[in-house]
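> With the sequence up front, the predicted model follows.
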Amino acid sequence: MRSLRPLPFAVLLFVLGNGFGWAQQTATVISNDPVSFVKGTSRITRPVRPDEIFSVTAVTGDEVTFIDQEGFQATLNRNLLKITDATPTPIATNFAPVVPVTNSVTATNLPAVTNAPPVLSTSSPVTPDHSAAAASPNLSPEDATMLKSLNDALQIPLFADTNLWDDDAVTVASRLQWPKESSTATDASYRRYALGKTEVSVLNARAYSMALYSRMGHPTSVSIVFVNKGDFAEAEPLAKKRSQNIIPTGDEIDKVVKDLNLAVKSDADTINAQLTALLGAPEIHQFGPTANSREEVHRWDWKGHAILFSSPRNEYAALKIVPSAVADHPDDVGNMDRETLKEELAKRVLKRDNGDVVLQGIPMVNQGPKGYCVPATWERYLRYVDVPADMYVLAMFGNTEIGAGTNVAVLREGVSDYVESYGRRVESTDVSLDVVHVSKFIDQGLPLMWGCFVLDDVEKKIDLHTTQRKTVTDWDGYKASLKEADKALVPLNRGDPDLIGRGHMRMIIGYNAQTDELAISDSWGERFAERWITVKEAQTISQNDLDYIQW
(Lines give C-alpha, C1' and ligand atoms only; values in the text may rest on other atoms or scores of the structure.)
Protein backbone atom coordinates (compact mmCIF):
# COMPACT_ATOMS: atom_id res chain seq x y z
CA MET A 1 0.00 0.00 0.00
CA ARG A 2 1.35 3.39 -0.94
CA SER A 3 2.30 5.34 2.16
CA LEU A 4 0.84 8.78 2.79
CA ARG A 5 3.22 11.67 2.29
CA PRO A 6 3.79 14.00 5.26
CA LEU A 7 2.52 17.54 5.14
CA PRO A 8 5.00 20.11 3.90
CA PHE A 9 6.81 21.98 6.68
CA ALA A 10 5.11 25.24 5.69
CA VAL A 11 1.65 23.65 6.09
CA LEU A 12 2.55 22.17 9.48
CA LEU A 13 3.72 25.57 10.70
CA PHE A 14 0.47 27.16 9.55
CA VAL A 15 -1.62 24.52 11.35
CA LEU A 16 0.44 24.75 14.54
CA GLY A 17 0.35 28.53 14.40
CA ASN A 18 -3.44 28.57 14.24
CA GLY A 19 -3.71 25.92 16.93
CA PHE A 20 -1.67 27.94 19.40
CA GLY A 21 -2.98 31.35 18.40
CA TRP A 22 0.30 32.68 16.97
CA ALA A 23 0.16 35.74 14.72
CA GLN A 24 1.04 34.68 11.18
CA GLN A 25 4.05 36.71 10.08
CA THR A 26 5.26 37.09 6.54
CA ALA A 27 8.38 38.68 5.14
CA THR A 28 9.68 40.13 1.91
CA VAL A 29 13.39 40.58 1.17
CA ILE A 30 14.41 44.21 0.56
CA SER A 31 18.04 43.40 -0.27
CA ASN A 32 19.13 42.92 -3.89
CA ASP A 33 21.66 40.23 -2.96
CA PRO A 34 20.98 36.54 -3.70
CA VAL A 35 19.78 34.50 -0.71
CA SER A 36 21.02 31.04 0.32
CA PHE A 37 18.24 28.54 1.09
CA VAL A 38 18.52 25.03 2.57
CA LYS A 39 16.17 22.08 2.86
CA GLY A 40 17.59 18.91 4.33
CA THR A 41 20.90 18.38 2.51
CA SER A 42 19.91 20.52 -0.47
CA ARG A 43 21.26 24.04 -0.71
CA ILE A 44 20.57 26.70 -3.33
CA THR A 45 21.47 30.36 -3.74
CA ARG A 46 19.09 32.48 -5.77
CA PRO A 47 17.87 36.03 -6.17
CA VAL A 48 14.41 36.76 -4.78
CA ARG A 49 11.70 38.93 -6.27
CA PRO A 50 10.69 42.05 -4.33
CA ASP A 51 7.06 40.79 -4.36
CA GLU A 52 7.97 37.25 -3.21
CA ILE A 53 6.32 36.51 0.14
CA PHE A 54 7.86 34.15 2.72
CA SER A 55 6.51 32.66 5.96
CA VAL A 56 8.45 33.61 9.10
CA THR A 57 9.22 30.56 11.25
CA ALA A 58 11.54 31.91 13.94
CA VAL A 59 13.00 35.15 15.25
CA THR A 60 16.17 35.08 17.37
CA GLY A 61 17.31 38.59 18.25
CA ASP A 62 17.86 40.33 14.91
CA GLU A 63 18.04 37.06 12.98
CA VAL A 64 14.83 36.04 11.17
CA THR A 65 14.30 32.56 9.73
CA PHE A 66 11.75 32.14 6.95
CA ILE A 67 10.69 29.57 4.36
CA ASP A 68 9.41 29.68 0.81
CA GLN A 69 6.41 27.76 -0.51
CA GLU A 70 8.51 24.68 -1.32
CA GLY A 71 9.91 24.38 2.23
CA PHE A 72 13.37 25.90 1.57
CA GLN A 73 14.61 27.86 4.61
CA ALA A 74 16.85 30.91 4.97
CA THR A 75 17.98 33.22 7.78
CA LEU A 76 18.70 36.95 7.38
CA ASN A 77 19.11 40.01 9.57
CA ARG A 78 15.78 41.76 10.05
CA ASN A 79 17.28 44.93 8.49
CA LEU A 80 17.20 43.09 5.15
CA LEU A 81 13.52 42.18 5.51
CA LYS A 82 10.11 43.79 5.65
CA ILE A 83 8.02 41.85 8.18
CA THR A 84 4.25 42.05 8.53
CA ASP A 85 1.78 40.38 10.90
CA ALA A 86 -1.17 40.46 8.51
CA THR A 87 -1.62 37.94 5.74
CA PRO A 88 -1.20 39.84 2.44
CA THR A 89 -3.63 39.65 -0.42
CA PRO A 90 -2.42 36.98 -2.85
CA ILE A 91 -0.58 38.46 -5.82
CA ALA A 92 -2.26 37.71 -9.12
CA THR A 93 -0.24 35.32 -11.25
CA ASN A 94 -0.64 33.64 -14.60
CA PHE A 95 -0.20 30.18 -13.14
CA ALA A 96 -2.72 27.45 -13.85
CA PRO A 97 -5.72 26.79 -11.64
CA VAL A 98 -4.92 24.58 -8.69
CA VAL A 99 -6.88 22.21 -6.50
CA PRO A 100 -6.01 22.54 -2.80
CA VAL A 101 -4.24 19.57 -1.25
CA THR A 102 -6.65 17.38 0.64
CA ASN A 103 -4.24 14.75 1.84
CA SER A 104 -0.54 15.50 1.85
CA VAL A 105 2.51 15.96 -0.30
CA THR A 106 6.13 16.90 0.30
CA ALA A 107 8.40 19.02 -1.79
CA THR A 108 9.89 17.13 -4.67
CA ASN A 109 12.95 14.89 -4.61
CA LEU A 110 16.31 16.53 -5.22
CA PRO A 111 18.84 13.86 -6.35
CA ALA A 112 22.12 14.12 -4.48
CA VAL A 113 24.46 14.33 -7.44
CA THR A 114 22.78 17.17 -9.30
CA ASN A 115 22.17 20.73 -8.27
CA ALA A 116 18.56 21.80 -7.85
CA PRO A 117 17.38 25.10 -9.35
CA PRO A 118 16.02 28.15 -7.60
CA VAL A 119 12.53 27.34 -6.36
CA LEU A 120 9.71 29.43 -7.78
CA SER A 121 6.25 29.72 -6.33
CA THR A 122 3.62 27.65 -8.14
CA SER A 123 0.54 28.36 -6.08
CA SER A 124 -2.50 30.20 -7.36
CA PRO A 125 -5.78 31.29 -5.75
CA VAL A 126 -7.74 30.62 -8.94
CA THR A 127 -10.39 27.91 -9.01
CA PRO A 128 -10.45 25.60 -12.05
CA ASP A 129 -13.06 26.37 -14.68
CA HIS A 130 -13.14 23.79 -17.47
CA SER A 131 -15.74 25.78 -19.37
CA ALA A 132 -13.24 28.61 -19.97
CA ALA A 133 -12.70 27.39 -23.51
CA ALA A 134 -15.89 28.65 -25.08
CA ALA A 135 -17.08 26.35 -27.84
CA SER A 136 -17.11 27.70 -31.37
CA PRO A 137 -20.64 28.60 -32.52
CA ASN A 138 -19.96 26.68 -35.75
CA LEU A 139 -19.67 23.33 -33.98
CA SER A 140 -22.26 20.65 -34.62
CA PRO A 141 -24.23 19.56 -31.54
CA GLU A 142 -22.33 16.24 -31.57
CA ASP A 143 -18.91 17.94 -31.70
CA ALA A 144 -19.90 20.48 -29.06
CA THR A 145 -20.97 17.67 -26.74
CA MET A 146 -17.74 15.73 -27.27
CA LEU A 147 -15.60 18.85 -26.86
CA LYS A 148 -17.23 19.60 -23.52
CA SER A 149 -16.84 15.96 -22.46
CA LEU A 150 -13.14 16.01 -23.34
CA ASN A 151 -12.48 19.22 -21.44
CA ASP A 152 -14.47 17.92 -18.47
CA ALA A 153 -12.54 14.63 -18.47
CA LEU A 154 -9.19 16.35 -18.89
CA GLN A 155 -10.21 18.85 -16.19
CA ILE A 156 -8.51 21.62 -18.19
CA PRO A 157 -10.01 23.89 -20.89
CA LEU A 158 -7.79 22.56 -23.66
CA PHE A 159 -10.16 22.54 -26.63
CA ALA A 160 -12.11 25.53 -27.94
CA ASP A 161 -13.01 23.85 -31.23
CA THR A 162 -12.26 20.63 -33.11
CA ASN A 163 -8.78 21.72 -34.23
CA LEU A 164 -6.26 22.62 -31.56
CA TRP A 165 -3.45 22.83 -34.12
CA ASP A 166 -4.69 25.97 -35.88
CA ASP A 167 -5.37 27.83 -32.63
CA ASP A 168 -3.20 30.72 -31.50
CA ALA A 169 -0.70 29.22 -29.02
CA VAL A 170 -0.71 32.29 -26.77
CA THR A 171 -4.50 32.10 -26.52
CA VAL A 172 -4.38 28.40 -25.65
CA ALA A 173 -1.72 28.96 -22.98
CA SER A 174 -3.72 31.85 -21.58
CA ARG A 175 -6.91 29.87 -21.15
CA LEU A 176 -4.91 27.00 -19.61
CA GLN A 177 -3.06 29.54 -17.45
CA TRP A 178 0.28 27.88 -18.21
CA PRO A 179 3.08 30.48 -18.05
CA LYS A 180 5.54 30.94 -20.89
CA GLU A 181 8.68 28.91 -20.40
CA SER A 182 10.59 29.76 -23.57
CA SER A 183 10.32 31.72 -26.79
CA THR A 184 12.60 31.75 -29.84
CA ALA A 185 12.12 33.14 -33.33
CA THR A 186 10.11 30.05 -34.35
CA ASP A 187 9.25 28.01 -31.25
CA ALA A 188 7.70 28.59 -27.86
CA SER A 189 6.80 26.49 -24.85
CA TYR A 190 4.51 27.05 -21.89
CA ARG A 191 4.89 24.98 -18.72
CA ARG A 192 3.00 24.69 -15.46
CA TYR A 193 4.46 22.80 -12.52
CA ALA A 194 2.05 21.66 -9.82
CA LEU A 195 4.33 20.79 -6.94
CA GLY A 196 4.65 21.21 -3.22
CA LYS A 197 1.44 21.90 -1.40
CA THR A 198 -0.79 22.44 -4.42
CA GLU A 199 -2.26 19.88 -6.77
CA VAL A 200 -3.70 19.91 -10.26
CA SER A 201 -5.87 17.00 -11.31
CA VAL A 202 -5.97 15.86 -14.93
CA LEU A 203 -8.07 12.82 -15.83
CA ASN A 204 -8.53 12.29 -12.08
CA ALA A 205 -4.79 11.81 -11.54
CA ARG A 206 -2.31 14.27 -10.09
CA ALA A 207 -0.34 16.09 -12.79
CA TYR A 208 3.15 17.32 -11.91
CA SER A 209 4.22 18.95 -15.16
CA MET A 210 2.00 20.30 -17.95
CA ALA A 211 3.55 21.73 -21.10
CA LEU A 212 2.32 23.19 -24.39
CA TYR A 213 4.77 23.36 -27.31
CA SER A 214 4.25 25.55 -30.37
CA ARG A 215 5.91 26.48 -33.65
CA MET A 216 5.23 29.61 -35.70
CA GLY A 217 2.49 30.61 -33.27
CA HIS A 218 0.46 27.38 -33.35
CA PRO A 219 0.41 24.40 -30.94
CA THR A 220 2.39 21.33 -31.97
CA SER A 221 1.96 19.12 -28.90
CA VAL A 222 0.78 18.92 -25.31
CA SER A 223 2.71 16.97 -22.66
CA ILE A 224 1.40 16.10 -19.20
CA VAL A 225 3.51 14.11 -16.74
CA PHE A 226 1.90 12.43 -13.77
CA VAL A 227 3.71 10.46 -11.05
CA ASN A 228 7.37 10.05 -11.96
CA LYS A 229 10.66 9.12 -10.32
CA GLY A 230 12.00 12.68 -10.50
CA ASP A 231 9.13 14.19 -8.50
CA PHE A 232 8.46 11.13 -6.30
CA ALA A 233 8.60 12.37 -2.70
CA GLU A 234 9.23 8.95 -1.16
CA ALA A 235 12.67 8.86 -2.85
CA GLU A 236 13.87 11.87 -0.87
CA PRO A 237 15.26 9.83 2.08
CA LEU A 238 17.36 7.81 -0.38
CA ALA A 239 18.82 11.00 -1.84
CA LYS A 240 19.53 12.34 1.64
CA LYS A 241 21.46 9.20 2.56
CA ARG A 242 23.52 9.33 -0.61
CA SER A 243 24.37 12.97 0.06
CA GLN A 244 25.84 11.81 3.38
CA ASN A 245 27.87 9.07 1.66
CA ILE A 246 25.53 6.44 3.08
CA ILE A 247 24.50 3.75 0.61
CA PRO A 248 20.81 2.88 0.96
CA THR A 249 20.10 -0.79 1.52
CA GLY A 250 18.64 -2.93 -1.22
CA ASP A 251 15.45 -3.29 0.80
CA GLU A 252 15.08 0.50 1.11
CA ILE A 253 15.52 1.00 -2.61
CA ASP A 254 13.19 -1.88 -3.47
CA LYS A 255 10.49 -0.45 -1.19
CA VAL A 256 10.57 2.97 -2.90
CA VAL A 257 10.67 1.42 -6.38
CA LYS A 258 7.73 -0.82 -5.49
CA ASP A 259 5.74 2.17 -4.24
CA LEU A 260 6.61 4.15 -7.37
CA ASN A 261 5.39 1.34 -9.61
CA LEU A 262 2.19 1.00 -7.59
CA ALA A 263 1.63 4.74 -8.01
CA VAL A 264 2.36 4.58 -11.75
CA LYS A 265 -0.05 1.65 -12.14
CA SER A 266 -2.72 3.47 -10.16
CA ASP A 267 -2.42 6.55 -12.37
CA ALA A 268 -2.32 4.38 -15.50
CA ASP A 269 -5.47 2.50 -14.52
CA THR A 270 -7.30 5.74 -13.73
CA ILE A 271 -6.25 7.54 -16.90
CA ASN A 272 -6.90 4.57 -19.19
CA ALA A 273 -10.35 4.11 -17.68
CA GLN A 274 -11.23 7.79 -18.18
CA LEU A 275 -10.14 7.89 -21.82
CA THR A 276 -11.59 4.49 -22.68
CA ALA A 277 -14.97 5.46 -21.27
CA LEU A 278 -14.98 8.55 -23.46
CA LEU A 279 -13.21 7.43 -26.65
CA GLY A 280 -13.39 3.63 -26.60
CA ALA A 281 -10.66 1.03 -26.31
CA PRO A 282 -7.19 2.27 -27.29
CA GLU A 283 -4.87 0.95 -29.96
CA ILE A 284 -1.54 -0.33 -28.66
CA HIS A 285 1.57 0.98 -30.41
CA GLN A 286 5.35 1.06 -30.00
CA PHE A 287 6.87 4.52 -30.38
CA GLY A 288 10.49 5.68 -30.34
CA PRO A 289 13.35 5.53 -32.85
CA THR A 290 15.78 3.65 -30.55
CA ALA A 291 15.53 0.75 -28.10
CA ASN A 292 16.17 3.10 -25.16
CA SER A 293 13.44 5.51 -26.19
CA ARG A 294 10.85 3.00 -27.37
CA GLU A 295 7.70 2.77 -25.29
CA GLU A 296 4.40 0.91 -25.37
CA VAL A 297 1.79 3.55 -25.96
CA HIS A 298 -2.00 3.51 -25.70
CA ARG A 299 -3.51 5.63 -28.44
CA TRP A 300 -6.91 7.27 -28.85
CA ASP A 301 -7.84 9.61 -31.72
CA TRP A 302 -10.33 12.44 -32.02
CA LYS A 303 -10.65 14.87 -34.94
CA GLY A 304 -6.97 14.84 -35.91
CA HIS A 305 -5.68 14.69 -32.33
CA ALA A 306 -3.75 11.59 -31.23
CA ILE A 307 -3.90 11.14 -27.46
CA LEU A 308 -0.95 8.98 -26.40
CA PHE A 309 -0.45 7.53 -22.93
CA SER A 310 2.60 5.62 -21.67
CA SER A 311 3.66 4.29 -18.28
CA PRO A 312 7.09 2.60 -18.51
CA ARG A 313 8.00 0.59 -15.43
CA ASN A 314 10.16 2.38 -12.84
CA GLU A 315 9.80 5.69 -14.69
CA TYR A 316 6.56 7.68 -15.01
CA ALA A 317 3.02 7.99 -16.29
CA ALA A 318 2.72 10.51 -19.13
CA LEU A 319 0.17 11.79 -21.62
CA LYS A 320 1.04 13.42 -24.93
CA ILE A 321 -1.32 14.93 -27.49
CA VAL A 322 0.03 15.38 -31.02
CA PRO A 323 -1.47 15.72 -34.51
CA SER A 324 -2.71 12.33 -35.70
CA ALA A 325 -0.55 12.68 -38.82
CA VAL A 326 2.54 12.91 -36.63
CA ALA A 327 1.54 9.83 -34.64
CA ASP A 328 0.82 7.97 -37.89
CA HIS A 329 4.39 8.47 -39.09
CA PRO A 330 6.61 8.45 -35.96
CA ASP A 331 9.72 7.48 -37.93
CA ASP A 332 9.35 10.37 -40.38
CA VAL A 333 11.69 12.72 -38.53
CA GLY A 334 11.45 15.53 -41.09
CA ASN A 335 14.20 17.60 -39.48
CA MET A 336 16.79 19.85 -41.16
CA ASP A 337 19.52 18.18 -43.18
CA ARG A 338 23.19 18.69 -42.36
CA GLU A 339 23.87 21.65 -44.64
CA THR A 340 20.63 23.44 -43.79
CA LEU A 341 21.29 23.02 -40.06
CA LYS A 342 24.87 24.23 -40.45
CA GLU A 343 23.65 27.38 -42.20
CA GLU A 344 20.85 27.92 -39.67
CA LEU A 345 23.15 27.63 -36.64
CA ALA A 346 25.61 30.09 -38.15
CA LYS A 347 22.78 32.65 -38.30
CA ARG A 348 22.22 32.28 -34.55
CA VAL A 349 25.62 33.75 -33.63
CA LEU A 350 24.97 37.25 -32.28
CA LYS A 351 27.87 39.72 -32.04
CA ARG A 352 27.42 42.76 -29.83
CA ASP A 353 29.29 46.06 -29.88
CA ASN A 354 30.88 45.32 -26.47
CA GLY A 355 32.60 42.18 -27.78
CA ASP A 356 29.98 39.66 -26.63
CA VAL A 357 29.47 36.71 -28.98
CA VAL A 358 26.32 34.86 -27.89
CA LEU A 359 24.11 32.13 -29.35
CA GLN A 360 20.43 32.97 -29.83
CA GLY A 361 17.43 30.70 -30.24
CA ILE A 362 18.24 28.10 -27.56
CA PRO A 363 14.93 26.94 -26.05
CA MET A 364 14.54 27.24 -22.30
CA VAL A 365 13.42 24.22 -20.29
CA ASN A 366 12.69 24.82 -16.63
CA GLN A 367 13.63 21.61 -14.83
CA GLY A 368 11.51 22.53 -11.83
CA PRO A 369 12.65 21.99 -8.24
CA LYS A 370 14.30 18.62 -8.85
CA GLY A 371 17.72 17.42 -9.91
CA TYR A 372 16.98 17.11 -13.63
CA CYS A 373 19.61 19.57 -14.85
CA VAL A 374 21.26 16.95 -17.09
CA PRO A 375 18.17 15.74 -19.01
CA ALA A 376 16.66 19.25 -19.05
CA THR A 377 19.84 20.74 -20.55
CA TRP A 378 20.09 17.93 -23.10
CA GLU A 379 16.46 18.59 -24.07
CA ARG A 380 17.34 22.23 -24.70
CA TYR A 381 20.30 21.29 -26.88
CA LEU A 382 18.35 18.66 -28.84
CA ARG A 383 15.51 21.03 -29.61
CA TYR A 384 18.08 23.68 -30.58
CA VAL A 385 19.38 21.35 -33.32
CA ASP A 386 15.86 20.42 -34.44
CA VAL A 387 15.56 17.08 -32.61
CA PRO A 388 12.36 16.51 -30.55
CA ALA A 389 13.04 15.75 -26.89
CA ASP A 390 11.47 15.52 -23.44
CA MET A 391 13.50 15.66 -20.23
CA TYR A 392 11.42 12.93 -18.56
CA VAL A 393 12.16 10.51 -21.40
CA LEU A 394 15.82 11.56 -21.43
CA ALA A 395 16.06 10.80 -17.71
CA MET A 396 15.06 7.26 -18.64
CA PHE A 397 18.00 7.16 -21.09
CA GLY A 398 20.36 7.78 -18.17
CA ASN A 399 19.06 4.79 -16.21
CA THR A 400 18.71 7.14 -13.28
CA GLU A 401 18.31 5.17 -10.07
CA ILE A 402 15.47 6.43 -7.96
CA GLY A 403 16.67 8.80 -5.27
CA ALA A 404 19.95 9.33 -7.12
CA GLY A 405 21.15 11.69 -9.81
CA THR A 406 21.67 11.16 -13.50
CA ASN A 407 24.55 9.06 -14.75
CA VAL A 408 26.05 11.62 -17.12
CA ALA A 409 28.04 9.10 -19.17
CA VAL A 410 25.10 6.72 -19.60
CA LEU A 411 22.75 9.54 -20.58
CA ARG A 412 25.31 10.88 -23.04
CA GLU A 413 25.47 7.43 -24.66
CA GLY A 414 21.67 7.23 -24.80
CA VAL A 415 21.40 10.70 -26.35
CA SER A 416 24.13 9.77 -28.84
CA ASP A 417 22.18 6.72 -30.01
CA TYR A 418 19.00 8.77 -30.20
CA VAL A 419 20.33 11.69 -32.27
CA GLU A 420 21.91 9.37 -34.84
CA SER A 421 18.42 8.59 -36.13
CA TYR A 422 18.07 12.35 -36.81
CA GLY A 423 21.38 12.69 -38.63
CA ARG A 424 23.25 14.19 -35.67
CA ARG A 425 26.06 12.95 -33.43
CA VAL A 426 27.27 13.70 -29.91
CA GLU A 427 30.94 14.55 -29.53
CA SER A 428 33.07 15.06 -26.41
CA THR A 429 36.03 17.40 -26.24
CA ASP A 430 38.86 17.83 -23.76
CA VAL A 431 39.92 21.31 -24.89
CA SER A 432 41.01 23.85 -22.31
CA LEU A 433 38.19 25.89 -20.83
CA ASP A 434 39.20 29.28 -22.20
CA VAL A 435 37.97 31.79 -24.77
CA VAL A 436 40.38 30.63 -27.48
CA HIS A 437 39.02 27.09 -27.49
CA VAL A 438 35.38 27.80 -26.60
CA SER A 439 35.10 30.38 -29.39
CA LYS A 440 35.78 27.71 -32.03
CA PHE A 441 32.47 26.05 -31.11
CA ILE A 442 30.40 29.17 -30.44
CA ASP A 443 31.44 30.74 -33.76
CA GLN A 444 29.87 27.74 -35.54
CA GLY A 445 26.65 28.11 -33.56
CA LEU A 446 27.43 25.15 -31.28
CA PRO A 447 26.87 25.52 -27.52
CA LEU A 448 28.77 23.29 -25.11
CA MET A 449 27.26 21.04 -22.48
CA TRP A 450 29.36 21.78 -19.40
CA GLY A 451 29.61 19.71 -16.22
CA CYS A 452 30.55 21.83 -13.21
CA PHE A 453 29.98 22.37 -9.50
CA VAL A 454 27.62 24.99 -8.09
CA LEU A 455 29.32 26.98 -5.33
CA ASP A 456 27.48 29.75 -3.49
CA ASP A 457 30.35 32.26 -3.67
CA VAL A 458 30.83 31.78 -7.39
CA GLU A 459 27.08 31.93 -8.05
CA LYS A 460 26.97 35.31 -6.30
CA LYS A 461 29.77 36.53 -8.55
CA ILE A 462 27.96 35.26 -11.65
CA ASP A 463 24.84 37.20 -10.66
CA LEU A 464 26.97 40.26 -9.87
CA HIS A 465 28.71 40.19 -13.26
CA THR A 466 25.41 39.72 -15.06
CA THR A 467 23.84 42.66 -13.23
CA GLN A 468 26.85 44.96 -13.65
CA ARG A 469 27.07 44.32 -17.39
CA LYS A 470 23.66 45.92 -17.93
CA THR A 471 25.00 49.36 -17.00
CA VAL A 472 28.72 49.19 -17.90
CA THR A 473 30.02 52.09 -19.99
CA ASP A 474 33.74 51.67 -19.23
CA TRP A 475 34.50 48.14 -20.40
CA ASP A 476 38.24 48.51 -19.72
CA GLY A 477 37.45 49.40 -16.12
CA TYR A 478 35.03 46.49 -15.90
CA LYS A 479 37.70 44.11 -17.21
CA ALA A 480 40.18 45.40 -14.63
CA SER A 481 37.67 44.85 -11.82
CA LEU A 482 37.13 41.24 -12.95
CA LYS A 483 40.86 40.53 -12.96
CA GLU A 484 41.20 42.00 -9.49
CA ALA A 485 38.28 39.92 -8.17
CA ASP A 486 39.75 36.77 -9.74
CA LYS A 487 42.81 37.14 -7.51
CA ALA A 488 40.66 36.24 -4.50
CA LEU A 489 39.52 32.92 -5.97
CA VAL A 490 40.51 29.91 -3.88
CA PRO A 491 41.34 26.64 -5.69
CA LEU A 492 38.60 24.06 -5.30
CA ASN A 493 39.31 21.17 -2.94
CA ARG A 494 37.89 18.41 -5.12
CA GLY A 495 38.02 15.93 -2.25
CA ASP A 496 35.71 18.09 -0.14
CA PRO A 497 32.65 16.00 0.85
CA ASP A 498 30.57 19.19 0.70
CA LEU A 499 30.78 18.93 -3.11
CA ILE A 500 28.45 15.91 -2.97
CA GLY A 501 25.14 17.05 -4.37
CA ARG A 502 26.64 20.16 -5.98
CA GLY A 503 27.29 18.64 -9.39
CA HIS A 504 25.47 20.48 -12.16
CA MET A 505 25.06 20.55 -15.94
CA ARG A 506 24.72 23.85 -17.77
CA MET A 507 25.49 25.24 -21.22
CA ILE A 508 28.24 27.53 -22.38
CA ILE A 509 26.56 29.74 -24.98
CA GLY A 510 29.00 32.57 -25.61
CA TYR A 511 32.20 34.43 -24.83
CA ASN A 512 33.83 37.85 -24.69
CA ALA A 513 37.50 37.82 -25.63
CA GLN A 514 38.04 41.37 -24.34
CA THR A 515 36.79 40.75 -20.80
CA ASP A 516 37.82 37.05 -20.71
CA GLU A 517 34.29 35.92 -19.80
CA LEU A 518 32.01 33.06 -20.84
CA ALA A 519 28.23 33.23 -21.22
CA ILE A 520 26.39 30.38 -19.49
CA SER A 521 22.78 29.18 -19.47
CA ASP A 522 20.94 27.14 -16.81
CA SER A 523 17.72 25.14 -17.03
CA TRP A 524 16.11 27.23 -14.30
CA GLY A 525 13.83 29.50 -16.32
CA GLU A 526 14.15 32.51 -18.59
CA ARG A 527 16.01 34.67 -16.06
CA PHE A 528 18.88 32.20 -16.21
CA ALA A 529 19.01 32.00 -20.01
CA GLU A 530 22.17 34.15 -20.20
CA ARG A 531 24.56 34.89 -17.36
CA TRP A 532 28.29 35.65 -17.33
CA ILE A 533 31.25 34.04 -15.55
CA THR A 534 34.97 34.81 -15.79
CA VAL A 535 37.17 32.15 -17.36
CA LYS A 536 39.08 31.75 -14.11
CA GLU A 537 35.84 31.25 -12.14
CA ALA A 538 34.71 28.69 -14.72
CA GLN A 539 38.00 26.82 -14.50
CA THR A 540 37.69 26.78 -10.70
CA ILE A 541 34.31 25.00 -10.68
CA SER A 542 34.68 22.93 -13.85
CA GLN A 543 34.42 19.14 -13.87
CA ASN A 544 36.26 19.16 -17.23
CA ASP A 545 33.26 17.57 -18.95
CA LEU A 546 32.37 19.19 -22.30
CA ASP A 547 30.05 17.79 -24.99
CA TYR A 548 28.39 19.15 -28.11
CA ILE A 549 26.09 17.95 -30.88
CA GLN A 550 27.59 17.96 -34.34
CA TRP A 551 25.63 18.05 -37.62
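Yep, it's here.
> Show me where the protein has its helices.
Taking DSSP state H, the helices of the chain run over residues 9-19, 141-154, 169-176, 236-243, 250-279, 324-328, 338-347, 373-384, 391-397, 408-420, 435-442, 456-469, 475-486, 535-541.
> Pick the most buried one from those helices.
helix 373-384 (a mean of 27; mean count of other C-beta atoms under 10 Å). Heads up, the C-betas are built off the backbone N, CA and C, glycines and all.
> Let me know whether L308 touches K320 as I believe.
Yes: taking contacts as C-beta atoms under 8 Å, L308 lies within contact range of K320: 4.7 Å.
> Can you lay out the helices of the chain as JSON lines showing distance to I224 and mean pLDDT?
Formatted as JSON lines, the helices of the chain follow (distance: least, C-beta to C-beta, whole Å; pLDDT from 0 to 100):
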{"stretch": "helix 9-19", "distance to I224": "25", "mean pLDDT": "25"}
{"stretch": "helix 141-154", "distance to I224": "9", "mean pLDDT": "95"}
{"stretch": "helix 169-176", "distance to I224": "11", "mean pLDDT": "96"}
{"stretch": "helix 236-243", "distance to I224": "23", "mean pLDDT": "75"}
{"stretch": "helix 250-279", "distance to I224": "9", "mean pLDDT": "93"}
{"stretch": "helix 324-328", "distance to I224": "16", "mean pLDDT": "90"}
{"stretch": "helix 338-347", "distance to I224": "30", "mean pLDDT": "92"}
{"stretch": "helix 373-384", "distance to I224": "16", "mean pLDDT": "94"}
{"stretch": "helix 391-397", "distance to I224": "11", "mean pLDDT": "84"}
{"stretch": "helix 408-420", "distance to I224": "22", "mean pLDDT": "90"}
{"stretch": "helix 435-442", "distance to I224": "35", "mean pLDDT": "98"}
{"stretch": "helix 456-469", "distance to I224": "32", "mean pLDDT": "95"}
{"stretch": "helix 475-486", "distance to I224": "45", "mean pLDDT": "96"}
{"stretch": "helix 535-541", "distance to I224": "36", "mean pLDDT": "97"}
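> Reformat those as a markdown table; add distance to G361.
Listed next are these as a markdown table, based on distance: least, C-beta to C-beta, whole Å:
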| stretch | distance to G361 |
| --- | --- |
| helix 9-19 | 38 |
| helix 141-154 | 32 |
| helix 169-176 | 17 |
| helix 236-243 | 34 |
| helix 250-279 | 35 |
| helix 324-328 | 22 |
| helix 338-347 | 9 |
| helix 373-384 | 7 |
| helix 391-397 | 19 |
| helix 408-420 | 18 |
| helix 435-442 | 13 |
| helix 456-469 | 20 |
| helix 475-486 | 26 |
| helix 535-541 | 23 |
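> and the closest residue to A173 other than its chain neighbours, how many neighbours?
Using C-beta to C-beta, 6 or more residues apart in numbering and skipping residues adjacent in sequence, the residue nearest A173 is Y190, 4.0 Å away. For Y190, the neighbour count with other C-beta atoms under 10 Å is 26.
> and what of R352?
Neighbour count for R352, taken as other C-beta under 10 Å: 10.
> Not counting residues beside it along the chain, what's closest to it?
That would be V358: by C-beta to C-beta, 6+ apart, it lies 7.2 Å from R352.
> distance of the one you found from K351?
8 Å (C-beta to C-beta, to the nearest Å).
> quick one, which of those two is more surrounded?
Between V358 and K351, counted using other C-beta under 10 Å, V358 has the larger neighbour count: 20 against 11.
> residues touching the more buried one, list them.
Contacts for V358 (C-beta atoms under 8 Å, 6 or more residues apart in numbering) come out as 349-350, 352, 442, 509-510, 519, 530.
> Please apply the same query to I541.
By C-beta under 8 Å, 6+ apart, the residues touching I541 are 452-455, 458, 492.
> do that again at 10 Å, thanks
433, 450-455, 457-459, 462, 489, 492, 499, 502, 504, 533 (C-beta atoms under 10 Å, 6 or more residues apart in numbering).
> What's the PyMOL line that selects buried ones from these?
Per 16 or more other C-beta atoms under 10 Å, the buried members of these correspond to this PyMOL selection:
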select buried, resi 433+450+451+452+453+454+455+458+459+462+489+499+502+504+533
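> how far does stretch 48-56 stretch from start to finish?
Using C-alpha to C-alpha, to the nearest Å, the end-to-end distance of stretch 48-56 comes out at 15 Å.
> For that stretch, what does the pLDDT average out to?
Across stretch 48-56, the average pLDDT comes to 83.
> let's number from 360 now, not from 1
Got it, first residue is 360 now, which makes that one stretch 407-415.
> Can you list the buried residues in it?
Within stretch 407-415, the residues that qualify as buried are 407, 411-415, counting by 16+ other C-beta under 10 Å.
> Thank you, goodbye.
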